[in-house]
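K.L.:
Fold the stuff below for me.
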Amino acid sequence: METTAENLANLWSFKWGAMEVLIGGKSSIDLTELEIRDETDAAEFLRYYGYDPENPQDAQKIHSVICEAWNFIEKYLMPAEWSAGRRPPEDLLMADDARVILLAASDRREDGALRQAWACAVLRVMHTLAHIDGVAKFADVEAARTQIMNRFLKYIFRNTEGQLCFGSREVSVQLDRIEWKLRKSRESILLKLLHKKANVAETIYDLLGMRVITKNLSDVMVVVKFLREFHMVSFPNCNPARARNSLIDIEGFKHNVDMLREMLEEGRIQPHEFTNILQGLTKPISLGNHANPHTAKDYRAVQLTCRQLIRYPNPSLQWQDKMYRFCEDGKSSPMMLEVCKEILLMAASEEKTIEGFFPFELQVMDEESASQNSIGDASHDRYKQSQVKAARRRVLHRVLTLNETPPLRSV
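P.N.:
Numbering: from 1, shown residues only. Got it, this is the predicted structure:
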C-alpha cells in the first residue's frame with residue numbers, strides 16, 4: 001500500500017507527554033495536560049486504567065474518589081484560598097463522572113486554561129488515591145502488623161529493677177522507650193506519594209514501623225547488632241538503598257571498640273570502665289545532605305527499611321467451612337449436595353494461604369537525639385509542613401500561578 005504524506009505524518013506524530021512518562025522517567029502526575037479526544041476516548045482510557053464508567057460499581061467508586069480528592073485539596077493543600085472562594089469551576093467540583101474531568105484536562109483553549117489546570121490538579125490526587133486503594137486490597141496489614149511485632153516483642157522485657165530492656169535475659173541494653181507506628185494514615189500516605197517522583201503506593205515503605213530509643217548513644221550499635229543476631233530482621237531482606245545513618249560516626253566507633261576490647265582482654269581496664277569509656281568516646285556523625293528533601297538536616301537516627309514474609313489465610317476460602325458443615329448436616333437434597341461437592345473440588349486447587357513480603361521501617365536512636373529530633377527543624381511537624389508544601393506545589397502549581405481568579409461561589 002502506498003504511503004501517503006498524511007499516513008506518514010500520523011505515523012511520526014507523538015504524544016510527547018505520555019512518551020516522557022513511558023521512557024523518560026517522568027511521573028504521570030507531573031503532566032500539565034492530557035490528550036483525550038472525546039467522551040469515547042475518555043471511556044476507553046478509564047477502562048484500560050482499570051475502571052469501566054458504564055459499570056455501576058466502578059462508576060460509584062470513581063465518584064467517591066473524585067469527592068475524596070476534592071476534599072483533600074480543600075482540607076490540606078489550599079484551605080485558606082478555598083474558604084476565600086478560590087475554588088474549581090462548579091461543573092468540575094460537582095462532577096460524578098471522570099470523563100468530564102479527563103476532557104477538561106485535555107482542553108487547550110486559552111480561555112479554559114484555569115479550568116484545565118483545576119482538572120489536572122484533581123486528577124493527580126485521584127490517581128494517587130487509586131494506587132493506595134489498589135495496594136490495600138492485596139495486603140492484610142493487620143496480619144503483617146501482628147507477625148512483625150511478634151518478632152520484636154520476644155526481646156523486649158523489664159528486668160528485676162523494672163528497667164525496659166532490649167535483647168535476651170543474658171545480654172541486653174537498657175531502653176528509654178519504644179514507639180510503634182502501627183498503621184500510617186490515609187492522608188499521610190497520600191501526602192507522601194504526592195511528593196514522590198514515582199508516585200506509586202508500592203514505594204511507601206513505612207506503613208508499619210517502630211522506633212527504638214536507647215538510654216546511651218553507644219547502645220544504638222548493640223541494638224542494631226541484636227536485630228541481626230536474634231533474627232528480628234533478616235539482613236538479606238533489608239533495602240540497602242534506603243539504609244541511613246545520621247547518628248553515629250561508624251569508623252570512629254569501630255576503632256574505639258576494637259581498642260577498648262583489646263584493653264579489656266589484656267586486663268588493662270575493668271568491665272565498668274569499658275562501658276564508661278566507650279560512652280564517652282562514641283561521637284555523633286557530622287551531618288550532611290539527606291536523601292529525603294523533607295527530612296531536616298539535623299534529624300539524627302539509624303534507619304533501616306526491612307521486609308518480612310507474611311502469610312495469612314486466603315480470605316476467598318473462608319466460606320469453605322460453612323459449606324462443609326452444610327454438606328454434613330444431612331438435611332440437604334442430593335442435588336444440592338452434589339453441587340456443593342463440585343464447588344469444593346474446584347476450590348481445593350486454590351492456595352490455602354496468601355504470602356508476600358511486607359515492608360516496614362525501623363529507626364534506632366538514643367534518648368538525647370530523640371529529644372532533639374522532636375524540636376526545631378527536625379520535628380515531625382516541620383517534616384509534615386514540608387511535605388504539604390511540596391504536594392501543594394506539585395498538584396496546584398498552575399492553579400496557583402494563573403492570573404485568572406474565579407468569582408466567589410457557594411458550594
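
K.L.:
The residue lying closest to residue 308 once chain neighbours are set aside sits in which helix or strand?
P.N.:
Ranked by Cβ to Cβ, 6 or more residues apart in numbering and with sequence neighbours excluded, the top spatial neighbour of residue 308 is residue 148, at 5.4 Å. C-beta: built from backbone N, CA, C; applies to glycine. Counting by DSSP states H and E, the element that carries residue 148 is helix 141-153.

K.L.:
Same check on residue 309?
P.N.:
Residue 309 belongs to strand 302-313 when assigned by DSSP H and E.

K.L.:
Walk me through which strands that strand pairs with, and which way each runs.
P.N.:
Using DSSP bridges, the strands paired with strand 302-313 in its sheet are strand 244-245 (antiparallel), strand 353-366 (antiparallel).

K.L.:
The longest helix seen in the chain - contacts with which helices or strands?
P.N.:
Among the elements of type helix in the chain, defined by DSSP state H, the one spanning the most residues is helix 113-137. In terms of contacts (3 or more Cβ pairs under 8 Å, 6 or more residues apart in numbering; DSSP states H and E), helix 113-137 is packed against helix 56-72, helix 90-93, helix 98-105, helix 186-194, helix 380-401.

K.L.:
now the angle between helix 186-194 and it, please.
P.N.:
For helix 113-137 against helix 186-194, the angle by axes from the mean of the first three to the mean of the last three Cα atoms, to 10 degrees is 110 degrees.

K.L.:
Any chance you could list what contacts the strand holding residue 309?
P.N.:
By Cβ atoms under 8 Å, 6 or more residues apart in numbering, the residues outside strand 302-313 that reach it are 140, 143-144, 147-148, 151, 205-206, 220, 224, 227, 233-234, 237-239, 242-248, 352-365.

K.L.:
redo that, cut-off 7 Å
P.N.:
With Cβ atoms under 7 Å, 6 or more residues apart in numbering as the test, strand 302-313 has contacts from 140, 143-144, 147-148, 205, 220, 224, 233, 237-239, 242-245, 247-248, 353-365.

K.L.:
got it, and stretch 163-179?
P.N.:
Counting by Cβ under 7 Å, 6+ apart, the neighbours of stretch 163-179 from elsewhere in the structure are 155-159, 210-215, 219, 222-223, 226, 367.

K.L.:
Over to that stretch now: how far is its first residue from its last?
P.N.:
From its first residue to its last, stretch 163-179 covers 16 Å (Cα to Cα, to the nearest Å).
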